[in-house]
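# Sharing a model prediction with you, sequence too.
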Amino acid sequence: GAGVSQSPSNKVTEKGKDVELRCDPISGHTALYWYRQSLGQGLEFLIYFQGNSAPDKSGLPSDRFSAERTGGSVSTLTIQRTQQEDSAVYLCASTLWTSGSYEQYFGPGTRLTVT
Amino acid sequence: AQSVTQLGSHVSVSEGALVLLRCNYSSSVPPYLFWYVQYPNQGLQLLLKYTTGATLVKGINGFEAEFKKSETSFHLTKPSAHMSDAAEYFCAVSVSDTGRRALTFGSGTRLQVQP
């Protein structure tokens, strides 16, 4: 596609349930990032993929959070046993690391509400 | 570690007036600097970036920013505000020392444009 897409756009779940959030990056982009945007914490980095590997998971807030990327393309962020503090907008971004070009292109986000 | 400070969580200007959104950064290595705009219920859109070279960079929608190393600043300006500029603006920094080049964001500035 022309841009980064994310699904679902909105997700309401009950506390304690697991959720999966999907990101389709721009075709050919090698790096993929997940960020979280919440009222209390602003925009914060969660995890980064280079190809299918995740060399940096330092931003994941707890072991309930995990992510994978397959085929160097689609990524899934999974939150297990959701808590109310997980409510936020989850943003995905991708980038193509060419010389002098490091801008990240963002998807529209998934708004997660944990009730 | 790097950080970004955006002075003023809310800025209000009249239509046609100068827009000035302030951003200061902290980084131990040469930074890459970005301004993103977020319209309601949308993802982040890149306005402009500084990586190397010319310190005055021009972006979309008539915005520009100047990298001032001595002041560790990257303020965003637009000579004449338009109603459509009302949105939230985020300054971000990225550094390459960790390899991941994840973005560290400021807390954002909400721009209001009065008719």
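Okay, I see it. This structure is a prediction, so every number in the text was calculated from the model and none was measured. Numbers count the residues shown, from 1 in each chain, chains lettered A, B, ... in the order given.
# Count the neighbours of residue 34 for me.
Assuming you mean chain A. For residue A:34, the neighbour count with other C-beta atoms under 10 Å in any protein chain shown is 26. (Each C-beta comes from the backbone N, C-alpha and C, glycine too.)
# I was after chain B.
Residue B:34: 28 surrounding residues under other C-beta under 10 Å.
# Also residue A:84?
Other residues close to residue A:84 by other C-beta under 10 Å number 9.
# Likewise for residue A:82?
Using other C-beta under 10 Å, residue A:82 is surrounded by 21 other residues.
# isn't it right next to residue A:15, touching?
Yes - the criterion here is C-beta atoms under 8 Å, and residue A:82 meets it with residue A:15 at 6.1 Å.
# what do those two both touch?
Jointly contacting residue A:82 and residue A:15 under the rule C-beta atoms under 8 Å, 6 or more residues apart in numbering or on different chains are residue A:114.
# OK, contacts around the residue of chain B most remote from its centre?
Most distant from the centre of chain B: residue B:115, at 23.4 Å, with distances by C-alpha atoms, centre = their mean. By C-beta under 8 Å, 6+ apart, the contact set of residue B:115 is B:14-15, B:83.
# Read off the pLDDT value for it.
Looking at residue B:115, its pLDDT is 94.
# Same question for residue B:45.
Looking at residue B:45, its pLDDT stands at 94.
# nearest residue to it other than its sequence neighbours?
In this structure, residue B:45 finds its nearest non-sequential neighbour in residue B:37, 5.2 Å apart by C-beta to C-beta, 6 or more residues apart in numbering or on different chains.
# what's around residue A:9, how many residues?
Burial of residue A:9 is recorded as 12 neighbouring residues (other C-beta under 10 Å).
# let me fix that: residue A:22
15.
# Next up, the contacts around the residue nearest to it when sequence neighbours are not counted.
Nearest non-adjacent residue to residue A:22, counting by C-beta to C-beta, 6+ apart: residue A:7, 4.9 Å away. By C-beta under 8 Å, 6+ apart, the contact set of residue A:7 is A:21-22, A:24, A:110.
# among the residues you listed, who's most crowded?
When neighbours are counted by other C-beta under 10 Å, residue A:110 leads the contacts of residue A:7 with 22 neighbours.
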